[in-house]
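In: how does the following fold in three dimensions:
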Amino acid sequence: MRPHPNNDLRTFPSERKKGFIGTAVIHIVVLVLLLILGLTVPPPPEIEEGIIVNFGTDFTGSGSIEPSAPPPVVEESSPPLPQTVTPDPAEKALLTQNNEDAPEVKKVDPEAEKKRLEKIEADRRLREQQEAERIKREQEELERKRIEEEQKRQTDIMNRTREALASSQKAGTKATSEGTAGGTGNQGVPTGSPDSKVRGEGSGLGDKGISYDLQGRGFQSLPTPKYEHQAEGRVVVEVSVDRSGRVTAAVAGIKGSTTLDEYLLRVAREAALLARFEPKPDAPLTQKGTITYNFVLR
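Out: Numbers count the residues shown, from 1 in each chain. The predicted structure is shown next:
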């Protein structure tokens, strides 16, 4: 009896193992080929393919000859603005002159520069001083106007009071004249007081007289103003005195005055302009001071 062929394969276990290994190798090779060749993305074509469409400018038309295309529209462009090149200071410093001689740099004299700066400073101080004097004059003018208004108000009150007293004294009488000179009329001056017994023009500066203030600087002469007026009060005059002692300017009726009577202000200013003070070479060019005149009826 001939043996069965399957029995021979069972007797060779190594052949069976080789079959499994060969099958596995074949599958692995096929899988690798699939991964390399079958799963790669083909590169895109260099020129895209598509449908060619006939040229036209509308959705309708007729005929078999294609009209020529319109010329291309060229957009007008404005010329570019010129660029301003700013020179570099460092490069500018490196430039040299080949044709002309460079200007000679003048040396600054330290003494002349010092004098120039001192002159500038002196001019600045002079301007400040002039501005301060201007402001002071404006303030004094405002103060003078205020005093004048107050004096006028007091004068109106005194006139109304005088008229009231005169009316009360004349009540019940028929007098038409008063005085000591005889004749008819009311002896006196319109600016006088009805209670005063002095019926002529007043004169004199009273007991206080004249006083001055010029920062310790002495005087040579202080003329007495003319006083031929029926009014009294104190007039303060601001004076400007130069180094030689001469009064160059006078403003009457500044702060401290008690009257703004035009006559008293005028004669006080005239007398102040005639005053003389001691010379002082080291004094300021214009030294400010005051002269006070006390006018008192006598």
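
In: what stretches of the stretch 151-298 of the chain score poorly on pLDDT?
Out: Under the criterion pLDDT under 70, the flagged ranges of the stretch 151-298 of the chain are 158, 161-208, 298.

In: which stretches in it count as strands?
Out: 210-213, 219-221, 233-241, 247-252, 276-277, 287-295 (DSSP state E, counting those that start in this stretch).

In: which residues are contacting the shortest one?
Out: The set of residues external to strand 276-277 that reach it, using C-beta atoms under 8 Å, 6 or more residues apart in numbering, is 214, 217, 218, 219, 220, 221, 241, 245, 246, 247. For the C-beta atoms, the positions are set from N, CA and C on the backbone; glycine is no exception.

In: let's see 7 Å
Out: Outside of strand 276-277, the residues within contact range by C-beta atoms under 7 Å, 6 or more residues apart in numbering are 214, 217, 218, 219, 220, 221, 241, 245, 246.

In: C-alpha coordinates for the host helix or strand of residue 28, CSV please?
Out: Using DSSP states H and E, residue 28 sits within helix 13-33. The C-alpha trace of helix 13-33 is given here as CSV (Å, rounded to 0.1, in the frame of the first residue of the first chain):
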residue,chain,number,x,y,z
PRO,A,13,7.9,21.0,9.2
SER,A,14,10.7,23.3,7.9
GLU,A,15,9.0,23.5,4.5
ARG,A,16,5.8,24.8,6.0
LYS,A,17,7.6,27.5,7.9
LYS,A,18,9.3,28.6,4.7
GLY,A,19,5.9,28.9,3.0
PHE,A,20,4.6,31.2,5.7
ILE,A,21,7.7,33.4,5.6
GLY,A,22,7.5,33.7,1.8
THR,A,23,3.9,34.7,1.9
ALA,A,24,4.6,37.3,4.5
VAL,A,25,7.5,38.8,2.5
ILE,A,26,5.4,39.0,-0.7
HIS,A,27,2.6,40.9,1.2
ILE,A,28,5.1,43.3,2.7
VAL,A,29,6.6,44.1,-0.7
VAL,A,30,3.2,44.6,-2.2
LEU,A,31,2.2,46.9,0.7
VAL,A,32,5.4,49.0,0.3
LEU,A,33,4.9,49.3,-3.4
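
In: give me the buried positions along it.
Out: Within helix 13-33, no residue is scored as buried using 16 or more other C-beta atoms under 10 Å.

In: try stretch 231-243
Out: 231, 232, 233, 234, 235, 236, 237, 238, 239, 240, 241, 242.

In: do the same with stretch 253-261
Out: Result for stretch 253-261 [16+ other C-beta under 10 Å]: buried residues 253, 254, 257, 259, 260, 261.

In: from residue 272, how far off is the fifth one?
Out: In other words, residue 260. 16 Å (C-beta to C-beta, to the nearest Å).

In: now the second one
Out: Taking C-beta to C-beta as the criterion, residue 254 is separated from residue 272 by 11 Å.

In: what's the pLDDT at residue 14?
Out: With respect to pLDDT, residue 14 has a value of 73.

In: so what's the residue lying closest to residue 295 once chain neighbours are set aside up against?
Out: With C-beta to C-beta, 6 or more residues apart in numbering as the criterion, residue 295 has its nearest non-adjacent residue at 5.0 Å, and that residue is residue 232. Applying C-beta under 7 Å, 6+ apart to residue 232 gives the contacts 295, 296, 297.

In: can you say which of those are buried?
Out: Among the contacts of residue 232, those buried by neighbour count (16+ other C-beta under 10 Å) are 295, 297.

In: circling back to that earlier point, now a PyMOL select for only the buried ones of the contacts of strand 276-277.
Out: This is the PyMOL syntax for the buried subset of the contacts of strand 276-277, where burial follows 16+ other C-beta under 10 Å:
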select buried, resi 214+217+219+241+245
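
In: mind putting the contacts of strand 276-277 in TSV, distance to residue 119 included?
Out: Shown next, in TSV, are these (distance: C-beta to C-beta, whole Å):
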residue	distance to residue 119
214	29
217	28
218	33
219	34
220	34
221	37
241	26
245	28
246	27
